[in-house]
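With the input below, show me the fold.
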Amino acid sequence: GNVAVTLPPTWQIEASKEIDLSRLDFNKLRSEFPQKKHKNIQFADLRELMEIKLNQMLAQNKTRGSFLERFQKVIDDYNSGSKSIEQAYEELLREAENLNEEQSRAFQEGLTEAELEIFDLLKKEKLTKEEEKSIKLAAQALLKKLFDAKNKILIQEWHREKSSQERVKRNIQKILNKHLPPSYDREIFTEKTDVVFQHFYHMAEQGYGFAA
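As a prediction, this is how the structure comes out:
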């Protein structure tokens, strides 16, 4: 006969819709799982939901790769038989809770998703609260200056011309030089300039991220 759908109706989602993990009742899902008759269906539903959410969150911020790696490891361990379905489900739920925290981090930091991505690219180990504030300002200043069309920096197809590439890089250097904390030595400064430049270059290659 027909197997009853095991997840609440909010889970019946399309990949194009933004998924809000905060709508899940993690404790309820956790406590009900042992009694489930068709555990594999419940597991597959959670896995699919997380796959879609991970893709959405990685598209917003490419520094989130560690979430995908941990998710993949749970699935691999389960598929290879080194974890029971109960263990794997519990770990998936824990990862879903981590993702749920991550999805609200931009809001908590007082940044947009685009600013948070730059902030994450610019971060280094052991930052003071003051330094974090400077890096947030750097992220916001970069996006504001580069995406203001009247500055003619991220012009259409800028990534194809050596001279316009240089212009983008110089502007990134100037902004980072102004905002990054003194604890960023020359080596880290150069590395972060390159990372941010590559970020915008990659966007341009994908056909978006122009100021026009």
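
For this protein, just list every one of the helices.
Ranges of helices within the chain are 26-32, 39-60, 65-79, 85-103, 105-109, 113-122, 129-146, 162-179, 186-205, based on DSSP state H.

center of the protein - which residue?
Note on the chain: the residue nearest the mean C-alpha position is N61, at 3.2 Å, using Cα atoms, centre = their mean.

OK, contacts around that residue?
113, 116-117, 120 (Cβ atoms under 8 Å, 6 or more residues apart in numbering). Placement of C-beta: from N, CA and C, glycine included.

any idea how far the nearest residue to I75 once chain neighbours are set aside is from I41?
Sequence neighbours aside, R47 is the residue nearest to I75 in space, at 6.7 Å (criterion: Cβ to Cβ, 6 or more residues apart in numbering). Counting by Cβ to Cβ, to the nearest Å, the gap from R47 to I41 is 11 Å.

same question, S80
21 Å.

the more surrounded of the two?
I41 (15 against 8; other Cβ atoms under 10 Å).

what number of residues lie near the closest residue to H179 other than its chain neighbours?
In this structure, H179 finds its nearest non-sequential neighbour in A138, 3.6 Å apart by Cβ to Cβ, 6+ apart. Using other Cβ under 10 Å, the number of residues around A138 comes to 25.

my guess is A138 meets N177, correct?
No - the criterion here is Cβ atoms under 8 Å, and A138 misses it with N177 at 9.6 Å.

quick one on the thing from earlier: which residues sit in contact with the residue nearest to H179?
A138 neighbours (Cβ under 8 Å, 6+ apart): 118, 122, 175-176, 178-180.

pLDDT at it, what is it?
At A138, the model reports a pLDDT of 97.

what's the spacing between E32 and K39?
11 Å.

Which one's more surrounded, those two?
The residue with more neighbours, out of E32 and K39, is K39; 16 against 12, by other Cβ under 10 Å.

How about that one: what's its closest non-neighbour residue?
I85 (5.2 Å).

Now do the same contact list for the one you found.
I85 touches 39-40, 43, 78, counting by Cβ under 8 Å, 6+ apart.

are any of these buried, and which?
The neighbour-count test (16 or more other Cβ atoms under 10 Å) applied to the contacts of I85 identifies 39, 43, 78 as buried.

Kindly give a single PyMOL line that selects the buried subset of the contacts of A138.
In PyMOL syntax, the buried subset of the contacts of A138 is picked out as below (16+ other Cβ under 10 Å):
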select buried, resi 118+122+175+176+179+180
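
wait, isn't T63 in contact with I118?
No - using Cβ under 8 Å, T63 is not in contact with I118; the gap is 9.7 Å.

And E14, what's its pLDDT?
57.

Many thanks, we can stop here.
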